[in-house]
Every structure is written in structure tokens, then in C-alpha cells.
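1. Kindly return the folded structure for what I paste below:
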Amino acid sequence: MADQTHVLFVEDDDVIREATQLALERDGFAVTAMPDGLSGLESFRADRPDIALLDVMLPGLDGVSLCRRIRDESTVPVIMLSARADSIDVVLGLEAGADDYVTKPFDGAVLVARIRAVLRRFGHAGGGDRAEAGGAAGTGGVLTFGDLEVDTDGMEVRRAGRPVGLTPTEMRLLLEFSSAPGTVLSRDKLLERVWDYGWGGDTRVVDVHVQRLRTKIGQDRIETVRGFGYKLKA
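-> Here you go, the predicted model:
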């Protein structure tokens with residue numbers, strides 16, 4: 001297992017759990033499958049997987065609450081699995097700290113592609129080759145926007161001198177904005193650059209992450225440009 005990506009998969013449906021586990025293992029993943037939220041949390045704490053796949057509807061501890069517990073302890077990537085493209089399910093999962101979501105029923109190849117896309121983002125959470133561009137004040141790898149400092153070399157953010165804890169996805173999102181302050185970035189462009197989508201995706205993923213980022217760096221730091229996207233105030 002040491003040489004394999006370790007996936008924690010929490011799903012209460014026996015058929016889906018077993019079939020998905022076999023499919024992921026055929027693609028080279030090491031999978032720990034759990035049937036409920038409480039056992040999933042215990043497994044996460046014991047094994048510290050590389051990525052977690054969580055069904056929204058789970059007995060004992062629902063998937064959203066489990067995601068929130070995981071996010072309180074770790075920045076490990078989380079993908080939520082929802083039985084329907086319900087706005088409440090999707091938004092609640094993303095607000096709890098999930099990095100992406102997949103709607104059931106899903107094709108095994110699509111799920112693997114989404115897992116690998118998330119892992120690529122977390123394995124290359126940098127992006128400093130672009131982050132030095134733009135009109136921000138600063139020298140070296142530190143960009144300054146008022147009381148906000150973005151260290152693109154150390155992958156650290158400070159606000160008024162205090163560290164700001166960001167998930168890797170939030171960090172990549174901030175780096176995209178920091179690379180071109182004052183420039184409007186469309187939701188589709190952010191999906192392509194931050195979420196590594198080579199296809200159309202759900203822009204709610206962007207909207208919720210922007211809101212999460214705002215709560216950490218300042219609500220007025222990122223401006224919504226209606227009909228176009230978002231921009232970081234220069």
C-alpha cells in the first residue's frame with residue numbers, strides 16, 4: 001500500500017461500495033471501504049488516507065458532517081458522492097470543505113479521472129510560475145495586497161501578519177487571483193486552471209470555494225463581476 005494511493009471510500013450501499021472498490025483497485029488504488037460515517041472517521045484517523053470519497057447520505061454520521069470532521073483535522077482532499085445533483089447536497093458538501101463532488105450513478109472511468117485530477121492539484125499545489133505576474137507590490141515570492149501577504153514560494157498566506165490556513169484548493173484559487181490582480185477570471189477559466197477540468201464543470205464548485213476563501217482573507221478582497229466572474233482587487 002505504501003507505493004499506492006490510499007483511498008478511503010465511505011458508502012452504505014453494499015453493491016455500490018463493493019463494485020466501486022473493485023473498480024478503483026483495478027486502476028491501481030489501495031482502497032479502504034467503510035459502510036458508515038463513524039467507522040469512516042475511525043479509519044481516517046487510523047490510516048490517514050491520501051484522499052477520501054464520502055457519500056452524502058450515511059448512517060451514524062452523515063457525509064457532510066464527516067467531511068467537516070476531516071477538514072477540522074486535515075487538508076486531505078475530499079470528494080463527495082451525491083445520489084442526485086441536488087443543490088442543497090452539493091453546496092452543503094462544498095461548504096463543509098469538500099474539494100469536488102460526483103453525482104451517482106457515476107461511470108467508473110469518470111470517477112477515476114476526477115480522483116486523479118484532485119490528486120494532481122494536491123501534488124502540485126504550487127503555481128508560483130504564474131504567481132509572480134501581476135501588479136501586486138512585493139519582492140521575490142511574496143505578493144502583497146493591502147494587509148494580505150501571499151508567499152508563493154513557501155505556500156503561506158498571512159493577513160495582518162497572522163497566518164491564514166487554506167486548503168490546497170483554496171491556495172491554488174488564491175494563486176490564480178494573485179497572478180493577475182484586477183483581471184476578471186471567469187468561472188470556466190477557474191475550473192480549468194484550479195480544478196483541472198478539461199471539460200465543462202459545475203460552476204457552483206467555484207462559487208462556494210470563492211466564498212470560503214473570502215471568509216478567510218476578507219469578504220471585500222475578491223469582487224464579483226456579474227455575468228463574467230471574479231477578480232482580486234489590486
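2. Show me the domain layout of this structure.
-> 6-123, 128-232 (automatic domain parsing).
3. how about those in JSON lines, adding mean neighbour count?
-> Backbone N, C-alpha and C define where each C-beta goes, glycine included. JSON lines is the format used below for those (neighbours: other CB atoms under 10 Å):
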{"stretch": "domain 6-123", "mean neighbour count": "18"}
{"stretch": "domain 128-232", "mean neighbour count": "17"}
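4. Can you flag the weakest of the ones you listed by average pLDDT?
-> Sorting the domains of the chain by mean pLDDT places domain 128-232 lowest, at a mean of 84.
5. Please, where are all the strands along the protein?
-> 6-10, 30-34, 51-55, 78-82, 100-103, 142-145, 148-151, 156-159, 162-163, 222-225, 229-232 (DSSP state E).
6. Could you point out which of these sits nearest Arg204?
-> Within those, the stretch nearest Arg204 is strand 100-103; the backing value is 9.0 Å (CB to CB).
7. In its sheet, which strands sit next to the closest one, and in what direction?
-> strand 78-82 (parallel) (DSSP bridges).
8. Outside of the strand it pairs with itself, list whatever touches it.
-> 11, 51-56, 63-64, 67, 70-71, 89-90, 93-94, 97-104, 106, 114-115, 118 (CB atoms under 8 Å, 6 or more residues apart in numbering).
9. Report the contact partners of Val56.
-> If a contact means CB under 8 Å, 6+ apart, then Val56 has 62-64, 80-83, 89, 92-93 as its contacts.
10. Report the separation between it and Arg45.
-> Separation of Val56 from Arg45 (CB to CB, to the nearest Å): 21 Å.
11. if I pick Gly63, what's in contact with it?
-> For Gly63, the contact set (CB under 8 Å, 6+ apart) comprises 10, 37, 54-57, 80-81, 93.
12. scratch that, Leu190 is what I was asking about
-> Leu190 touches 173, 176, 206, 229-230, counting by CB under 8 Å, 6+ apart.
13. other SSEs contacting the longest helix seen in the chain?
-> Longest among the helix segments of the chain by residue count, using DSSP state H, is helix 108-123. Judged by 3 or more CB pairs under 8 Å, 6 or more residues apart in numbering; DSSP states H and E, helix 108-123 is in contact with helix 14-26, strand 51-55, strand 78-82, strand 100-103, helix 168-179.
14. Show me the residue at the heart of the protein, geometrically.
-> For the chain, the residue nearest the mean C-alpha position is Asp99 (2.3 Å; CA atoms, centre = their mean).
15. didn't that one look like it was pressed against Arg120?
-> No. Using CB atoms under 8 Å, Asp99 makes no contact with Arg120, being 11.9 Å away.
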